[in-house]
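Undergrad: The sequence isn't on hand, but the structure is:
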Ligand code: SIN
Ligand code: NI
């Protein structure tokens, strides 16, 4: 069945089927997390912000700009968009807070896939069982421009060590049985998103088109997540002790900012 990509989705209109699909498969395609006007606005804001970022080769997997909500009021309005946080909480079924955000740009004709990986093994988290990321297409992202592909159900593999997202064999050398699972590729219209669990294995296709692929990812963790002490750019120099809750102004709680 074709899915429509014109409807808006809010926490009120999110269906039981969408929630069940997320919980079973570890990801779900949500049309219209942003209106077309919001997507066009944030596309411009993200592109302007990225101009000030580091230069990188055209063949790089992506240009990655982390924690932009801390640096730019325009991007903060996107990361702390109440619709994104409230839908994420309903899908996850637990209170959440922002872990970090990132703009991810694949340059035109970069030709480089983002290889298979799970996200959570990179993070210095203890007791975060429902991490969830919202990957928002700020422009149309057909398969040819670098969309996400998932292995449904792989979020149950919470036992795997970190994988290398520039090595196509990394995930499958660590977990050979995942190679034979079905994969689902999700092209997105501007303003649509996917939500995925931090343990759901995914990759993104290369950009073969003349336009940059501009995506924004808002990453949430359980509100009660504690610091593991592992190195990470977001927690470096932030003064957290091992076992301490990752809370405070660096990690806004959805229930607080969405109620404002
Ligand atoms: C990408 O957008 O290229 C990858 C995003 C992700 O790995 O979460
Ligand atoms: Ni990822």
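TA: In hand now; what should we look at? All of these numbers come straight from a predicted model, not from anything done at the bench. Residues are numbered from 1 along each chain as shown. Ligands and ions are numbered 1, 2, ... in the order given.
Undergrad: and residue 95, how many neighbours does it have?
TA: 14 (other Cβ atoms under 10 Å). Yep, even glycine has a C-beta here, placed from its N, CA and C like the rest.
Undergrad: residues touching it, list them.
TA: 89, 222-224, 253-255 (Cβ atoms under 8 Å, 6 or more residues apart in numbering).
Undergrad: where does this structure come near ligand 1, residue by residue?
TA: 62, 104, 114, 119, 146, 202, 204, 215, 217 (Cβ under 6 Å from any ligand atom).
Undergrad: Test my guess that residue 171 contacts residue 178.
TA: Yes. Using Cβ atoms under 8 Å, residue 171 is in contact with residue 178, at 6.3 Å.
Undergrad: Skip the chain neighbours and tell me the closest residue to residue 129.
TA: The shortest distance from residue 129 to any non-neighbouring residue, by Cβ to Cβ, 6 or more residues apart in numbering, is to residue 222 (6.2 Å).
Undergrad: Wait, the one you found touches residue 96, no?
TA: Yes. Counting by Cβ under 8 Å, residue 222 touches residue 96, with 6.6 Å between them.
Undergrad: Comparing these two, which residue is more hemmed in?
TA: residue 96 (28 against 20).
Undergrad: pLDDT value on that one, please?
TA: Residue 96 carries a pLDDT value of 98.
Undergrad: which residues sit in contact with it?
TA: 85, 88-89, 130, 132, 220-223, 253-254.
Undergrad: where are the low-confidence patches of the stretch 1-150 of the chain?
TA: 1-6 (pLDDT under 70).
Undergrad: Quick check: beta-bridge partners of the residue in it positioned nearest to ligand 1?
TA: Nearest to ligand 1, among the residues of the stretch 1-150 of the chain, is residue 114, at 3.5 Å (Cβ to the nearest ligand atom). As for beta bridges, residue 114 partners with residue 204 under DSSP bridges.
Undergrad: What residues sit buried inside the longest helix along the chain?
TA: Longest helix in the chain by number of residues (criterion: DSSP state H): helix 36-51. For helix 36-51, burial by neighbour count (16 or more other Cβ atoms under 10 Å) applies to 38-39, 41-43, 45-46, 49-50.
Undergrad: With distance to residue 231 added, can I get those residues in TSV?
TA: Compiled in TSV, these are given as follows (distance: Cβ to Cβ, whole Å):
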residue	distance to residue 231
38	35
39	34
41	35
42	31
43	33
45	30
46	27
49	26
50	25
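Undergrad: ok, the residue of the stretch 151-260 of the chain at minimum distance from ligand 1 to residue 196 distance?
TA: Distances between the stretch 151-260 of the chain and ligand 1 by Cβ to the nearest ligand atom are smallest at residue 204, namely 3.3 Å. Distance, residue 204 to residue 196, by Cβ to Cβ, to the nearest Å: 11 Å.
Undergrad: which neighbours do the two share?
TA: residue 148.
Undergrad: The two - which one has more neighbours?
TA: residue 196 (28 against 25).
Undergrad: What strand or helix carries the more buried one?
TA: According to DSSP states H and E, residue 196 maps onto strand 193-197.
Undergrad: gap between that strand and the chain center?
TA: 6 Å (Cα atoms, centre = their mean, to the nearest Å).
Undergrad: What strands line up against it, and which way round?
TA: Here, using DSSP bridges, strand 193-197 pairs with strand 27-30 (antiparallel), strand 132-137 (antiparallel).
Undergrad: which of the ones you listed is buried the deepest?
TA: When the strands paired with strand 193-197 are scored by mean count of other Cβ atoms under 10 Å, the highest mean neighbour count falls to strand 132-137 (a mean of 27).
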